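1. Give me a model of this one.
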Amino acid sequence: MLRPRRSVAPIAALLLTAWLIPERASAQACLPYEPDTVRIAGVLEQLTFPGPPHYQSITNGDRPQTGFYLRLATSICTIASPDYEAKTGVKLVQLVLDSLGFATLRPQLGRSVTLAGTLSAAHAASHHAPILLTAVEPDSAR
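-> Below is the predicted model:
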């Protein structure tokens, strides 16, 4: 009985796919967490969520937390790592930006963009999406 050949470098293939064809990679293969760099595409949005002290309701006194998010047309998944669990069906990614990152991306609000960075899973009350994209670099505006 013939057995299918195993891929010698599945991670290298995944990274190559994510690098060259981000939209198709997002739909077909799960993405790795940090320290690997990935590229994802979606519509750049500015969203506001309730923040401290209770993270439940701005109208009831919680401070608003406004940030930039990438809304994906096709959901993505992530590969489990020693630090983070695998996620599936992710359609909203929170961007972790410094002031220069906000200033650079602000003109792209409402537009489709492809961004590069490292992924981590939400792990704090201030994380309002299941996945975070850090060290974001604009790749292209479409």
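2. Show me what the host helix or strand of residue 69 pairs with in its sheet, parallel or antiparallel.
-> Here residue 69 sits within strand 64-76, counting by DSSP states H and E. Strand pairing for strand 64-76, determined by DSSP bridges: strand 37-50 (antiparallel), strand 90-96 (antiparallel).
3. residues of the first one that come out buried?
-> If I follow you right, that is strand 37-50. The neighbour-count check on strand 37-50 (16 or more other CB atoms under 10 Å) flags 38, 39, 40, 41, 42, 44, 49, 50 as buried. From N, CA and C alone the C-beta is placed, and that goes for glycine too.
4. Which members of the residues you listed are the farthest-apart pair?
-> Pairwise distances across the buried residues of strand 37-50 peak at 30.9 Å for 39 and 50 (criterion: CB to CB).
5. any idea how far the strand holding residue 69 is from the chain center?
-> Centroid separation for strand 64-76 versus its chain: 8 Å, with CA atoms, centre = their mean, to the nearest Å.
6. thinking again about what came up before, quick one: which of the strands paired with strand 64-76 has the weakest pLDDT on average?
-> When the strands paired with strand 64-76 are compared by mean pLDDT, strand 37-50 comes last with a mean of 93.
7. what's the neighbour count on residue 85?
-> Look at residue 85: counted by other CB atoms under 10 Å, it has 10 neighbours.
8. Please tell me I have it right and it contacts residue 121.
-> Yes. Contact criterion CB atoms under 8 Å: residue 85 and residue 121 qualify, at 6.5 Å.
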